[in-house]
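>>> After the sequence you'll find the predicted model.
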Amino acid sequence: MSFLGKMFGTGKKGEKAPTTGEAIQKLRETEEMLIKKQEFLEKKIEQVNFLSISGFSLIIYNNELKIKKNIFAVKTILFKE
């Protein structure tokens, strides 16, 4: 057997080529699997986008809270007298 024959698996004995019906059925199964995988990945992307937006909002909220605490601390120090 030539190198290319070994590489691409041609010339194997005992294997029959699938019928057109079997090939179509296998393609349908592959298509269904790919559709499910695409839906899963789209949901993951939506979750990541939501979490990044939520995380960004949370960071802003925490920064605002720190600023308010600092302002309150400064006011208490200034008006302590």
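Perfect, I can see it now.

>>> Please enumerate the helices of this protein.
Taking DSSP state H to define them, one finds helices in the chain at 3-8, 20-78.

>>> a markdown table for those, including mean pLDDT and mean neighbour count?
Backbone N, C-alpha and C define where each C-beta goes, glycine included. As requested, those are exported to a markdown table (pLDDT from 0 to 100; neighbours: other CB atoms under 10 Å):
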| stretch | mean pLDDT | mean neighbour count |
| --- | --- | --- |
| helix 3-8 | 64 | 9 |
| helix 20-78 | 82 | 10 |
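
>>> what residues does stretch 63-77 touch?
Contacting residues not belonging to stretch 63-77 are not present [CB atoms under 8 Å, 6 or more residues apart in numbering].

>>> How far away from the center of its chain is it?
Stretch 63-77 sits 39 Å away from the centroid of its parent chain (CA atoms, centre = their mean, to the nearest Å).

>>> Next: stretch 24-39.
Between the centre of stretch 24-39 and the centre of its chain there are 19 Å (CA atoms, centre = their mean).
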